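S.K.: whatever this is, show me its structure:
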Amino acid sequence: MKDIEKNNISEEEFLEIYGAKENNLKDISLKIPRDKLVVITGLSGSGKSSLAFQTIYAEGQRRYMESLSSYARQFIGNMERPQVDDIKGLSPVISIEQKSVNKNPRSTVGTITEIYDYLRLLYARAAEPFSYNTGEKMVRYSEEQICDTITKIYKNKKINILAPVVRGRKGHYRELFENIRQQGFLRVRIDGEIKELNYGMQVDRYKVHDIEIVIDRLLVGEDRSRIAKAIELAFKHGKGLLFILEEGQTDIRYFSRLLMCPTTGLSYQDPEPNTFSFNSPYGACPKCNGLGEVTVIDMNKIIPDMEKSIKKGGLSPIGEYKNSWIFNQLETLGLHYGFTLDTPLKEISEEALNAILYGSSEGFTVTKELY
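M.R.: Numbering: from 1, shown residues only. Prediction:
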């Protein structure tokens, strides 16, 4: 029994090849450790490709094809077995062709082999989203669950059921208030304060506002039908989001049809495969645009020595002084900001350096002519 266990462990830890005779391989046998990065090296003609591609990869591909139905195999054709006595511990295989082509930073092993497509689908369907604000697991409530939760938490308490219509935006919202009033609602909550709707009502257009419709004000009791109708109406006007505010309190509780952080009310759309793609604008990092690196200027290379003047080559990209348009422009900037081309860079003001390096919104006239 112990010998069997040892053999099983051996098969799990190694890829074992016995009697490989493909091309110039002379009946070799070897063990390759699994779960390791293994490099096959040797002189040209020593059998590296014959072992890796024409033996290990070819046998793995052949075994996969044999697992398909006979109907599918008739379109692919038969694959010959490589000249090897036996291979044990062989996993599904992938082979990436070596090409001398231009490098594309958006191509990886995952995208070339299309494994990335399956991983994105797996993450979108099996992943559990968490709030980036609090670290809590996102939740999704049905209207029935929300009704049960409100009845349980706020039993015998007066509450306001609110539907958010404006969140953190500027404007006077006169037309919005009039539209809400015409739909039969009597109150709105503006920046945390409940107010009655009046004709011509508006707010300061230059300030940021949060506005919610007061869908209903009620005492939570045994009657669930009124709460259920208010929830349905709040979701309709709040686009899948509603707030619960207890009378006399300032803290609100969030509920959403979408994935939602139970503490902050932050809502997510359902994860989709393109959310996990660095080649999609929906999933790419906004800073690096999905490339994983950002190109920035090294100021130490632009100005290697602050003791030097512009004339002596203090600005590395343009070198030492010569009769050219760029130096005429710099002289004009010097007249405006109070420096000359002989002034050490350390004595030039920060405002002037910024104008030299990044340009200026001001207009300047260069009067000196080239000769």
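S.K.: in stretch 242-258, what counts as buried?
M.R.: 242-246, 252-257 (16 or more other C-beta atoms under 10 Å). All C-beta atoms are positioned from the backbone trio N, CA, C, and that covers glycine.
S.K.: and it, end to end?
M.R.: 11 Å (C-alpha to C-alpha, to the nearest Å).
S.K.: of all the buried residues of stretch 242-258, which two lie farthest apart?
M.R.: E246 and R257 (22.1 Å; C-beta to C-beta).
S.K.: circling back: and the buried residues of stretch 242-258 as a markdown table, adding secondary structure?
M.R.: A markdown table is the format used below for these (DSSP: H, G, I helix; E, B strand; the rest coil):
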| residue | secondary structure |
| --- | --- |
| L242 | strand |
| F243 | strand |
| I244 | strand |
| L245 | strand |
| E246 | strand |
| I252 | strand |
| R253 | strand |
| Y254 | strand |
| F255 | strand |
| S256 | strand |
| R257 | coil |
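S.K.: leaving out chain neighbours, which residue sits closest to R167?
M.R.: Nearest residue to R167, sequence neighbours excluded (C-beta to C-beta, 6 or more residues apart in numbering): D210, at 5.7 Å.
S.K.: the strands in the protein, which residues?
M.R.: Taking DSSP state E to define them, one finds strands in the chain at 14-20, 28-33, 86-88, 158-170, 187-190, 193-196, 208-219, 241-246, 252-256, 259-260, 267-268.
S.K.: can you flag the weakest of those by average pLDDT?
M.R.: Of all the strands of the chain, mean pLDDT reaches its minimum on strand 267-268 (a mean of 70).
S.K.: that one pairs with which strands, parallel or anti?
M.R.: With DSSP bridges as the test, strand 267-268 is paired with strand 259-260 (antiparallel).
S.K.: residues contacting the partner strand, please?
M.R.: For strand 259-260, the external contacting residues (C-beta atoms under 8 Å, 6 or more residues apart in numbering) are 129, 138-141, 254, 266-270.
S.K.: including distance to P344, could the residues you listed go into TSV?
M.R.: Output for these, formatted as TSV (distance: C-beta to C-beta, whole Å):
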residue	distance to P344
P129	56
M138	58
V139	63
R140	64
Y141	67
Y254	59
L266	52
S267	56
Y268	55
Q269	56
D270	60
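S.K.: of the strands of the chain, which is nearest A355?
M.R.: Nearest to A355, of all the strands of the chain, is strand 158-170, at 33.2 Å by C-beta to C-beta.
S.K.: tell me the buried residues in stretch 122-130?
M.R.: Going by neighbour count (16+ other C-beta under 10 Å), the buried part of stretch 122-130 is P129.
S.K.: kindly report the same for stretch 175-191.
M.R.: 176-178, 180-181, 185, 187-190.
S.K.: CA atoms only: put that stretch into CSV for me.
M.R.: What follows is stretch 175-191, C-alpha atoms only, in CSV (Å, rounded to 0.1, in the frame of the first residue of the first chain):
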residue,chain,number,x,y,z
GLU,A,175,-38.0,72.2,-14.1
LEU,A,176,-37.2,69.0,-12.0
PHE,A,177,-39.1,70.3,-9.0
GLU,A,178,-42.1,71.3,-11.2
ASN,A,179,-42.1,67.9,-12.9
ILE,A,180,-42.0,66.1,-9.4
ARG,A,181,-44.9,68.4,-8.2
GLN,A,182,-47.0,67.6,-11.3
GLN,A,183,-46.6,63.9,-10.6
GLY,A,184,-48.4,64.3,-7.3
PHE,A,185,-45.5,64.3,-4.8
LEU,A,186,-45.7,66.8,-1.9
ARG,A,187,-42.2,66.9,-0.5
VAL,A,188,-38.5,66.6,-1.5
ARG,A,189,-35.3,66.3,0.6
ILE,A,190,-32.7,68.9,-0.5
ASP,A,191,-29.2,68.6,1.0
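S.K.: gap between that stretch and the chain center?
M.R.: With C-alpha atoms, centre = their mean, to the nearest Å as the basis, stretch 175-191 stands 38 Å off its chain's centre.
S.K.: can you list the weak-confidence ranges in the protein?
M.R.: Along the chain, segments meeting pLDDT under 70 span 1-12, 97-102, 222, 265, 368-371.
S.K.: one more pass at 80, please.
M.R.: By pLDDT under 80, the low-scoring segments of the chain are 1-12, 71-78, 96-103, 112-113, 139-141, 222-223, 256-258, 260, 262-270, 360-371.
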